[in-house]
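**Q** Please work out how this folds:
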Amino acid sequence: MSVSMRDVDPAFHGAGQKAGIEIWRIENFKPVPVPKSSYGKFFTGDSYVILKTTALKSGALHHDIHYWLGKDTSQDEAGTATIKTIELDAALGGRAVQYREVQGNETEKFLSYFKPCIIPQEGGVASGFKHVEAEKHKTRLYVCKGKHVVHVKEVSFARSSLSHDDIFIVDTKSKIFQFNGSNSCIQERAKALEVVQYIKDTYHDGKCEVAAIEDGKLMADADTGEFWGLFGGFAPLPRKTTDEPRSTDDVPTKLFCVEKGQAEPVEVESLTRELLDTNRCYILDCGTEVFVWTGRNTSLEERKAASGTVNELLHSLDRPKSHVIRVIEGFETVRFRSKFDNWPQSTHVTVSEDGRGKVAALLKRQGVNVKGLLKAESPKEEPQPHIDCTGNLQVWRVNGQKKTLLLASDQSKLYGGDCYIFHYSYPGEEKEEHLIGTWFGKQSIEEDRISAISQASKMARIYEGDEPIQFFAIFQSFIVLKGGLSEGYKNYIAEKELPDDTYTEDGLALFRVQGTGPDNMQAIQVEPVATSLNSSYCYILHSGSSVLTWYGNLTTPEDQELVERQLDLIKPNMQSRLQKEGAESEQFWDLLGGKSEYLSQKISRDAETDPHLFSCTFLKGDLKVTEIYNFDQDDLMTEDIFILDCHSDIYVWVGQQVESKDKINALSIGEKFLECDFLLENLSLQAPIYIVMEGSEPTFFTRFFSWDSTKFAMHGNSFQKKLAIVKQGGTPMVDKPKRRTPVSYSGRSAAQEKSQRSRSMSFSPERVRVRGRSPAFNALASTFENSNARNLSTPPPMISKLYPKSVTPDSANSTSRSTALSALSATFGKKTLARDINLLRSPKVSPKVPKPNPETNLGENSEEPPKLKPETIQEDVKEGDAEDEEGLSIYPYEQLTTSSTDPATDIDVTKREAYLSSEEFEEKFGMTKAAFYKTSNSFSGSSRIDCRLEKACLDISKKPFSQAVRDSISAFLAASAPGLLISILGEGQFGDKFPHRYLFSCASTKSVGKAQGPTPLCNGVVATATHITKLGSQHSSFDCNGGVAVRRCNAAPKSCYGIVDKDENEGGVIDLWSGFQLGEEYDGGMGD
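**A** Residues are numbered from 1 along each chain as shown. Prediction:
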């Protein structure tokens, strides 16, 4: 369709460029903009054009155009509104859906723009009409119909207008009465109260009384007597005798082709998409709804003619109030497509820019801003979990009718042949919140799935491969393993004579590593064949003692960092060999059974789309839904079940007063909704389903609404709740704080005063990570650190005590340490200058033991391993017990070491030395506490423990430490910050070359190699680089207070750090990354 400037009315220039509503009234056959202050005010003698622009998540703008015809509007004005609607659509690119709205018979979508209702006023601008001037208040009678949106119509003020089936509002000067017919439902009564509130605010300035009258209540109270007194006294209402208009819902669907202004029937047995020709216009008569379909190649004049044809058709059928909806090829509504058999999921239509593009170009020449007419770029936003990630997690594996509580270290390992129940508790605004759900592996059996559902409540149903972002957020890291451990799974594969491919640590296994960061990463075991590879992912391959990592060419450094983290979970004690795509070894291909073609594009996941809310009725397995347009919290009625459809997942909201039998069917309703796919959006049958109970809505549900938790804190049905609000002036009667709106839930909570659940500082006592750890570091950490404890050169794995407060079988003896580590990780997140830190007065960390949660009842068949008791229970210091100068408890040296068999509890592990007595401190360290802290406070950076800094130097030339003191300091630092590389170099390690000079070198994998150019090394001094001839041109040295130089090797795959003598440029070198021994001679080569 070609568009010229004469096709665009000047009033429409710049329309539809931003989200919102725009209204024009037809005056003298021209569209005239209506002031925003008058939006929602319509006159019975006028015609209007209404444009609703919606900004979609995709970044595009969607347009709906309505033309409203008052009951007294002239034919000429109605015709003008029809034509101007088509012109406005052309100006917007010919993609808008157009609706005809007849007064008193408007669509629910149109009424949703003007909630709670529209009440047209007498008058108009057409000939013979004038807008009614303000007059004294006149008592009026309105009838209200509708459960979700309210159709309001003024009727004659007479007893004969009342009925048992509807709800009526009597608006007097001093009081508003709502009469509830005995056959009306609670939801209709509640919605009508919104109209009462609107009338009260609009016509009474919010100052009048409100009374509710129940049909059949006789003269029970003064309000009832006053109401009937308005009609001359009480008398029984007669049964309705007037004939209702014939329903058009049962009219058989017919298709007409528009030929030369006439509607010609198309005789076919069934409707198919192939019947519609892109060069023609068609009319689809569905009774209540009549669609006009226009082909993409039709002209503007042909489209206007089709609109006239449908009006003539409806006039001949005596159906003037039918809804007329015009759709364009390629942009059909769901309702239209549902009338056809097997409408294709996506129709590829070449959309000409004649409409949107050319109109935009023409308007731009005239100086009109046309930004909204052009397609917007899709916003690339990282999805947020909208859930507090500092809570506690428990996981059970289902085994028939029983379930077994997993150890905390096993919570991240899920088998694809098993089913699991998880319970996540986290802090809410007013109380502790709970999320209980089930996870079904792809190979799990139906018996275990049914058992899992029966044992879980407040449920989230999640399938492997379709996990939502909330699931990733609470697990943070997990591994999906092949096979299963349940008896049902084992019996199933035995009966089917299938091979048992359950994962074994020594077997052949290939893992695809994916995720967005340390708080959201997964390792999925896939078939160990070349076709499982993908250039957009990294992989871990192991067989026996061989561990190989494979980086696809399309992966990022962030993707590759996740591999290092997952290696710490899957193969923590083994060295891996890197394989880059295109440079693989023969061993790699041999393990995969040879080379083969594989994919390169990332595996796509269903993205969250714009939400749709549906009211549900479920009877005998038949689900019927009604969409609620422009929904808000008030649309959720306590008597009903609603479904919020976000495409990637759905929420089944269950009101408190829903019948018990319907509550039980909540999950079945959600599954039926996915099966029916009412929006024809190709929903996955395994999409996550959340069951949300009224009053316990999680933040990731309430974010779709403007939420006020006090509304659901009120008691009673929907009508009783809203009546209390209306009578109290529009505010809830319960005075409770509103639910907070979280700023961000992307990972860790922002609250600094709480100990954060941080797995970046977790460790596994029974495993040693040897990759990248130098012998020098092993020697320096030996004093306080147990030889079996984790201290990593790469970021540590996110396992072991994942949830500090979780009650798990192995939690008893790890509470103190995990809590302290969480506090330490929180300290790392603060950027504080060293001079602002008082190391002796750091807050004391006390582990908290959670109370049993009465709300969690997952059945009586839970099997739990025997719980371990704490090795020691440290009581509070009593009167007379020893305390140091700072008020800290005193412990012997043996209880403060990390290898202690009787460790001190309730201490700050970042300052173990502070708990020594003054005498024992001086004995072990060779100096007083005051001298020690005065010296250590000279560290550069946040604090002496904050080793996230690139480097920190300590100049103690005036008082050198002894070797034993250096070892003790090293061990304290290593024990306090596990997972970070720490070394102390000084006198005695390089002979006399570095007298009285020490370097603390602290680095993690993430920080290695990132420092460029001049680098602050010692006491905040920025050192300058100088060339050292004997080390080669690829090396550089940095002056550190004239005594120590640090070498950084950028040519190696892994950047390395070393120390050389500034004056002699050779001799003792330590290379922390390539494994040189302390004092080893440097020969000019690069370390491995």
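**Q** Check for me that Ala15 belongs to a helix.
**A** No: under DSSP: H, G, I helix; E, B strand; the rest coil, Ala15 falls outside any helix and is assigned coil.
**Q** Surely Ser174 and Lys207 touch.
**A** No: counting by CB atoms under 8 Å, Lys207 is not a contact partner of Ser174; they are 9.5 Å apart. Glycine gets a C-beta too; all of them are placed from N, C-alpha and C.
**Q** Name the residues contacting each of these two.
**A** Taking CB atoms under 8 Å, 6 or more residues apart in numbering as the contact rule, Ser174 and Lys207 touch no residue in common.
**Q** which residues in the stretch 301-450 of the chain form helices?
**A** 334-337, 356-365, 446-455 (DSSP state H, counting those that start in this stretch).
**Q** weakest of those helices in terms of mean pLDDT?
**A** Among these, helix 356-365 carries the lowest mean pLDDT, at a mean of 53.
**Q** What is the burial count for the residue nearest to Leu548 when sequence neighbours are not counted?
**A** Leaving out its chain neighbours, the residue that sits closest to Leu548 by CB to CB, 6 or more residues apart in numbering is Leu541, at 4.6 Å. Residues near Leu541, counting by other CB atoms under 10 Å, number 22.
**Q** so Leu541 sits in a strand?
**A** Yes: Leu541 forms part of a strand when assessed by three-state DSSP.
**Q** surely it meets Pro528?
**A** Yes: counting by CB under 8 Å, Pro528 is a contact partner of Leu541 at 7.1 Å.
**Q** buried residues in the helix or strand containing Ile199?
**A** Element membership of Ile199, judged by DSSP states H and E, is helix 186-203. Buried residues in helix 186-203, counted by 16 or more other CB atoms under 10 Å: 186-200.
**Q** Poorly predicted segments of this protein, please.
**A** Counting by pLDDT under 70, the chain contains low-confidence ranges at 1-7, 126-135, 218-220, 240-250, 346-381, 729-887, 898, 909-910, 933-1088.
**Q** switch to 50 and redo it
**A** The chain contains residues with pLDDT under 50 at 127-129, 347-354, 374-379, 734-857, 860, 865-883, 885, 936-961, 969, 972-1088.
**Q** show me what contacts Val726?
**A** For Val726, the contacting residues are Leu193, Val196, Gln197, Lys200, Val210, by CB under 8 Å, 6+ apart.
**Q** now do 7 Å
**A** Listed by CB atoms under 7 Å, 6 or more residues apart in numbering, the contact set of Val726 reads Leu193, Val196, Gln197, Val210.
**Q** And for the third one, nearest residue in space, chain neighbours not counted?
**A** Closest residue in space to Gln197, ignoring its immediate chain neighbours: Val726 at 5.2 Å, by CB to CB, 6+ apart.
**Q** And for stretch 448-459, what's in contact with it?
**A** Stretch 448-459 has contacts (CB under 7 Å, 6+ apart) with 398, 400-401, 403, 418-419, 421, 434, 436-438, 440, 486, 488, 667, 691, 693, 696, 858-859.
**Q** Put the alpha carbons of the helix or strand hosting the residue nearest to Gln197 into PDB.
**A** Assigned by DSSP H and E, Val726 belongs to helix 718-727. Provided in PDB are the C-alpha atoms of helix 718-727 (Å, rounded to 0.1, in the frame of the first residue of the first chain):
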ATOM      1  CA  SER A 718     -13.800  -9.300  47.600                       C
ATOM      2  CA  PHE A 719     -16.900  -7.300  48.100                       C
ATOM      3  CA  GLN A 720     -16.400  -7.000  51.900                       C
ATOM      4  CA  LYS A 721     -12.800  -5.900  51.500                       C
ATOM      5  CA  LYS A 722     -13.600  -3.200  48.900                       C
ATOM      6  CA  LEU A 723     -16.700  -2.000  50.800                       C
ATOM      7  CA  ALA A 724     -14.500  -1.400  53.900                       C
ATOM      8  CA  ILE A 725     -12.000   0.600  51.700                       C
ATOM      9  CA  VAL A 726     -14.700   2.700  50.000                       C
ATOM     10  CA  LYS A 727     -16.300   3.500  53.400                       C
END
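**Q** buried set for that helix?
**A** Those would be Ser718, Phe719, Gln720, Lys721, Lys722, Leu723, Ala724, Ile725, Val726, for helix 718-727 by 16+ other CB under 10 Å.
**Q** repeat for stretch 663-678
**A** Residues of stretch 663-678 classed as buried by neighbour count (16+ other CB under 10 Å): Asn665, Ala666, Leu667, Ile669, Gly670, Glu671, Lys672, Phe673, Leu674, Phe678.
**Q** Is the first one in contact with Thr617, as I believe?
**A** If I follow you right, that is Asn665. No: in this structure, Asn665 is not within contact of Thr617 by CB atoms under 7 Å, at 11.5 Å.
**Q** quick check, nearest of the buried residues of stretch 663-678 to Gly16?
**A** Gly16 lies nearest to Phe678 out of the buried residues of stretch 663-678, by CB to CB, at 27.6 Å.
**Q** and the closest one, helix, strand or coil?
**A** Secondary structure, three-state DSSP: Phe678 is coil.
**Q** How about it, nearest residue that isn't a chain neighbour?
**A** Val625 (5.7 Å).
**Q** Ok, Ala211 next?
**A** With sequence-adjacent residues excluded and distances taken as CB to CB, 6+ apart, Ala211 is closest to Asp223, at 3.9 Å.
**Q** give me the number of residues near the one you found?
**A** Asp223 sits with 16 neighbouring residues when counted by other CB under 10 Å.
**Q** One more: Ala78?
**A** The burial count assigned to Ala78 is 18, neighbours taken as other CB under 10 Å.
**Q** And for Lys136?
**A** By other CB under 10 Å, the residues close to Lys136 number 5.
**Q** re earlier: quick one: the helix holding Val726 to helix 186-203, angle?
**A** With axes from the mean of the first three to the mean of the last three CA atoms, to 10 degrees defining the directions, helix 718-727 sits at 10 degrees from helix 186-203.
**Q** what's the straight distance from one end of stretch 461-468 to the other?
**A** This stretch, stretch 461-468, spans 10 Å end to end (CA to CA, to the nearest Å).
**Q** again with stretch 625-633
**A** 18 Å.
**Q** related to what we said a few turns ago, touching, the residue nearest to Leu548 and Gly593? I think so.
**A** No: using CB under 7 Å, Leu541 is not in contact with Gly593; the gap is 11.7 Å.
**Q** can you map out the strands along the stretch 651-800 of the chain?
**A** Counting by DSSP state E, counting those that start in this stretch, the stretch 651-800 of the chain has these strands, from start to end: 689-693.
**Q** Please, where are all the strands along the stretch 401-550 of the chain?
**A** Ranges of strands in the stretch 401-550 of the chain, per DSSP E, counting those that start in this stretch, are 402-405, 413-415, 419-427, 432-440, 459-463, 477-481, 509-517, 520-526, 538-543, 546-551.
**Q** what are the pairing partners of the first one, and which direction each?
**A** Going back to what we said before, that points to strand 402-405. strand 392-399 (antiparallel), strand 862-863 (parallel) (DSSP bridges).
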